[in-house]
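Colleague: Just a sequence and a predicted model for now, questions to come.
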Amino acid sequence: MVYLAKWKIVLILVLCTLGVIYAAPNLLDRQTVERLQGELPSWAPTRTINLGLDLQGGSHLLLEVDLRAVTQERLNALLDSVRSELRTANIGYLDLAIDGSAVAFTVREPGRVDEARDLVRRIESGALETSVDGAGRVRVGPTEEAIAARGRQAVDQSIEIVRRRVDETGTREPTIQRQGEDRILLQLPGIDDPERVKRLIGQTAKMTFHLVDETVSPAEMMAGRVPPGTLRLPLVEQPGQYMAVNRRVMVSGDTLTDAQATFQDGRPVVSFRFDSVGARRFGDATRENVGRLFAIVLDNRIISAPVIREPILGGAGVISGNFTVQTASDLALLLRAGALPAPLNVIEERTVGPGLGADSIEAGKIASVAGLTLVVVLILATYGLFGVFAVSALVINMVLIFAALSAFQATLTLPGIAGIVLTIGMAVDANVLIFERIREEQRNGRSVISAIDAGYSRALTTIIDSQLTTLIAAVLLYAFGSGPIRGFAVTLTIGIVTSLFTAIWVTRLMVVAWMRRTKPKLVPI
């Protein structure tokens, strides 16, 4: 155990050097780091530790997914499907409408009630339940299991869409977690414009393309009298004005592959591009309806209704309007991230000021320095020269912790600082076990080399046992915890790994180098 191969020595020195290099950017101010990130290659170690919400301030939002809107949207789609199926089968019906949590209609011919019930049941096989009353009125609606499954899917999809939108804003290390059945916890450290983020997150951003129904007169439009299969939607650029569009969606926004804010004739616009399926639908719709108005609808509001002057076959187009550079950029961001399956309601909002974080950092510094000082004094007083080795390894251990946090872009929270302080005390634990074993072996009459060799070899099992149990606890905390608990688990895990490395390898390298240089007769512990 005393002998170290050359490749091991080189490996230890390389890892320690990399630790210093990766930890060094944390000593620079933010402006210098950002400048270096622009000048140096992407692989260069210029990353710094991300501070959590409790250290640098930011926004804390609790969002609720409107599952009632999900159910209502599904019933609207079911209503259209039932109407289409009944018309295709030439089954006459009356009073087709949404009734509670189902779609209900009355069959004109009593002898075809069973046929109509079987027909609508096949729309979504296994996901619908039907019933018929004595008057021949058929009710069809989704099952409880189908509603619950659709709700879970909507929440999962909402989390992914929120994550995409937040990532597009450049927010570093946001916390996005599911909470309960229909809520999403969102924490945005260091965010400087929370209102813009709320607007981006709260907008459903469901874009569809419809043909304008030009048969509806202005009087009918203002009175709200539109024929079946037609929607009366407000115009974004003309408040108080409405336009009638066909309910049928010609092209859906879920086939978009890209959207970018750009300029056309000096005005901000949003360019978009479809995938192959969307491009084909868009090309067919524009080719078959040249000369008609084509409405671009975002969240049930018409943002533009240009005339189709010629077929658009390339799968790309431009949305124009009264955009500013910021609103065009935000709309492009929303379209790229995708539409939310349901509206999100902000039910709790907290803003954490950076002053609280500064106090926490200062308190963490004091605790760290105090803990480090006490440990250093105790180790030096107890083990003398070998205490110097242990303290040197402890300093390297701290450097490696900060290097790992920077390299992996982990978020440091206030509990994370507590994990680092705890690591300071635990870091010398392995050295204490080794040194005490060396002292005991020397008392039993062993030579210096034999005592040191026995100290490292026989204490290794105990060291791994003690650190492994703590590591298992840290892993479980990370797996089942959330937020600050995970921050504590991350720093504790990194601290355990670096402590093992510095105690077993770094101090051993120092001891071996000291022995080769001085060739001592006794171990100065």
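Modeller: Thanks, I have the structure now.

Colleague: what about the helices in the stretch 301-450 of the chain?
Modeller: 325-337, 354-407, 414-427, 429-443, 448-480 (DSSP state H, counting those that start in this stretch).

Colleague: so can I have CSV of these showing mean neighbour count?
Modeller: For the C-beta atoms, the positions are set from N, CA and C on the backbone; glycine is no exception. Below are the helices of the stretch 301-450 of the chain laid out as CSV (neighbours: other Cβ atoms under 10 Å):
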stretch, mean neighbour count
helix 325-337, 19
helix 354-407, 17
helix 414-427, 21
helix 429-443, 19
helix 448-480, 16
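
Colleague: Mind putting those helices into TSV with mean pLDDT?
Modeller: TSV is the format used below for the helices of the stretch 301-450 of the chain (pLDDT from 0 to 100):
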stretch	mean pLDDT
helix 325-337	81
helix 354-407	83
helix 414-427	80
helix 429-443	86
helix 448-480	85
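
Colleague: The helix or strand containing residue 114: what's the following helix or strand?
Modeller: Using DSSP states H and E, the element containing residue 114 is helix 113-121. Next helix or strand after helix 113-121 toward the C-terminus (DSSP H and E): strand 128-132.

Colleague: helices or strands up against that next one?
Modeller: helix 113-121, strand 137-142 (3 or more Cβ pairs under 8 Å, 6 or more residues apart in numbering; DSSP states H and E).

Colleague: any idea which of these is most buried?
Modeller: Ranked by mean neighbour count, the helices and strands packed on strand 128-132 are led by strand 137-142 with a mean of 22 (mean count of other Cβ atoms under 10 Å).

Colleague: What are the contacting residues of the helix or strand bottoming out on mean pLDDT in the chain?
Modeller: When each helix and strand of the chain is scored by mean pLDDT, DSSP states H and E, helix 30-39 comes last, with a mean of 70. Residues outside helix 30-39 that contact it (Cβ atoms under 8 Å, 6 or more residues apart in numbering) are 25, 28, 44, 46, 48.

Colleague: Who are the packing partners of the helix or strand hosting residue 515?
Modeller: Residue 515 is located in helix 507-518, with elements delineated by DSSP H and E. Judged by 3+ Cβ pairs under 8 Å, 6+ apart, the packing partners of helix 507-518 are helix 354-407, helix 448-480.

Colleague: Out of those helices, which is closest to residue 219?
Modeller: Proximity to residue 219 (Cβ to Cβ) singles out helix 354-407 among the helices and strands packed on helix 507-518, at 57.7 Å.

Colleague: For residue 44, give me the pLDDT.
Modeller: With respect to pLDDT, residue 44 has a value of 69.

Colleague: just checking, residue 20 touches residue 399?
Modeller: Yes. Between residue 20 and residue 399 there is a contact at 5.9 Å, judged by Cβ atoms under 8 Å.

Colleague: can you list contacts of the helix holding residue 114?
Modeller: Contacts of helix 113-121 (Cβ under 8 Å, 6+ apart): 81-82, 85-86, 89, 91, 93, 103, 105, 107, 128, 130, 132, 136, 138, 140.

Colleague: Distance from the chain centre to that helix, please.
Modeller: Centroid separation between helix 113-121 and its chain, computed with Cα atoms, centre = their mean, to the nearest Å, is 45 Å.

Colleague: returning to what we had before: quick one, which of the helices and strands packed on strand 128-132 gets closest to residue 68.
Modeller: Among the helices and strands packed on strand 128-132, strand 137-142 sits nearest to residue 68 (Cβ to Cβ), with 13.4 Å.

Colleague: returning to what we had before: in a markdown table: the helices and strands packed on strand 128-132, plus distance to residue 517.
Modeller: Supplementary listing: the helices and strands packed on strand 128-132 in a markdown table, determined by distance: least, Cβ to Cβ, whole Å:
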| stretch | distance to residue 517 |
| --- | --- |
| helix 113-121 | 88 |
| strand 137-142 | 80 |
